[in-house]
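**Student:** sequence isn't available, so here's the structure alone:
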């Protein structure tokens, strides 16, 4: 293992771990998983691979403490997004380290790997510490979902989890959930020269979208979370019709509804179903429905007064006075650990604005401070 934290990050950056769900050219997490597995084995840290999909395995490591409880989980994902033109090579200047995944989230991986190895050499370990290197966070969160299905078989109960993501060394104690679903309108096809003989599914969808903007969006202004603000909706995709001279009989939209911790996905879907029913009641030719739920990432919200959170925040303050507790604008694997009953916070070096770019970057200062904070936390029990 590279002794130097920055060197370790550079080696992680040099491995192409781009998510294969984005492109056939993306190789996935196999190589980076093997690299991390070998590092733990060389340093005599118990480690295993958990198969998730062909060629894609979670990495699970364990450093036992003096007692089985409390048990902590450090989790960061192995994959990076895929962008044409990515060059998997690290570049360093006086302030930053650049390269694919440098920010999201190989810097957190490097910090956690080094902290766990340092902790394994500490003779007075108290909590048992686990590590999860999760695959497929950038697409369907397959890795953390697989882990949470039967994690107690591998770890037993876990009392607290830290998810590695770029928070600029702030402590993320909340984020919205993300509910992705498809709505379909159904019409009747006809020749484009006689539209009165058909039912235009695109027109129906336009009517529905107008009602969404008129009735649902304003309602979001009335439900505000102090940490996260209001719920939001993005209609990201619309598809309908086959040709300019055919009345379209089908139209679909794909939506991303950001869900507050006070809401449930069932309630959100019910609000759309209710709106569809309202339009249908006024227009017998209007046919629409929620076709399917494509994905749901749960929301997360942990109390500032949680003892594990307070202790972690103390460690942050020792090295970085600017650290604050806050809600995050993006969803993470932490939604699944939190939903599974594990108190969870989000923390790591780097700014989320510098992620998902051709050339990501992370501050060298933040990288090293993140390691000192995490190390102090593990040693503070």
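**Tutor:** Noted; the coordinates are in hand. Here the structure is a predicted model, which means the values were calculated and not measured. Numbers count the residues shown, from 1 in each chain.
**Student:** in which helix or strand would I find residue 183?
**Tutor:** Take DSSP states H and E as the rule and residue 183 turns out to sit in strand 177-186.
**Student:** could I get the average pLDDT for that strand?
**Tutor:** For strand 177-186, mean pLDDT is 98.
**Student:** which strands and helices sit next to whichever helix or strand comes after it?
**Tutor:** Scanning forward in sequence from strand 177-186 by DSSP H and E, the next helix or strand is helix 201-211. Judged by 3 or more CB pairs under 8 Å, 6 or more residues apart in numbering; DSSP states H and E, helix 201-211 is in contact with strand 177-186, strand 232-240, strand 250-259, helix 265-282, strand 288-297. Quick note: C-beta positions are derived from backbone N, CA and C, even for glycine.
**Student:** turn these into TSV, including mean neighbour count.
**Tutor:** Shown next, in TSV, are the helices and strands packed on helix 201-211 (neighbours: other CB atoms under 10 Å):
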stretch	mean neighbour count
strand 177-186	20
strand 232-240	14
strand 250-259	20
helix 265-282	14
strand 288-297	16
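**Student:** wait, which of those is closest to residue 210?
**Tutor:** Checking these against residue 210 by CB to CB gives helix 265-282 as the closest, at 9.8 Å.
**Student:** compute the inter-axis angle for that closest one and strand 288-297.
**Tutor:** Here helix 265-282 runs at an angle of 170 degrees relative to strand 288-297 (axes from the mean of the first three to the mean of the last three CA atoms, to 10 degrees).
**Student:** output the lowest mean pLDDT helix or strand found in this structure.
**Tutor:** Within the chain, no helix or strand scores below helix 151-155, which has a mean of 90 by mean pLDDT, DSSP states H and E.
**Student:** name the helices or strands packed onto that one?
**Tutor:** With contacts defined as 3+ CB pairs under 8 Å, 6+ apart, helix 151-155 has these neighbours: strand 56-63.
**Student:** please redo it, this time with the cut-off set to 7 Å
**Tutor:** Contact analysis of helix 151-155 by 3 or more CB pairs under 7 Å, 6 or more residues apart in numbering; DSSP states H and E lists no helix or strand as a packing neighbour.
**Student:** pull the distance from that helix to the chain's centre.
**Tutor:** How far helix 151-155 lies from its chain's middle: 22 Å, per CA atoms, centre = their mean, to the nearest Å.
**Student:** how close does the most centrally placed residue in the chain sit to residue 105?
**Tutor:** Nearest residue to the geometric centre of the chain (CA atoms, centre = their mean): residue 332, 2.5 Å. Residue 332 sits 9 Å away from residue 105, taking CB to CB, to the nearest Å as the criterion.
**Student:** cool, residue 260 as well?
**Tutor:** According to CB to CB, residue 260 and residue 105 sit 24 Å apart.
**Student:** what about those two, which has more around it?
**Tutor:** residue 105 (31 against 23; other CB atoms under 10 Å).
**Student:** tell me which other helices or strands the strand holding residue 183 touches.
**Tutor:** Applying 3+ CB pairs under 7 Å, 6+ apart, we find strand 177-186 packed against helix 201-211, strand 250-259, helix 265-282, strand 288-297.
**Student:** next, residue 27: secondary structure please.
**Tutor:** For residue 27, the assignment made with DSSP: H, G, I helix; E, B strand; the rest coil gives coil.
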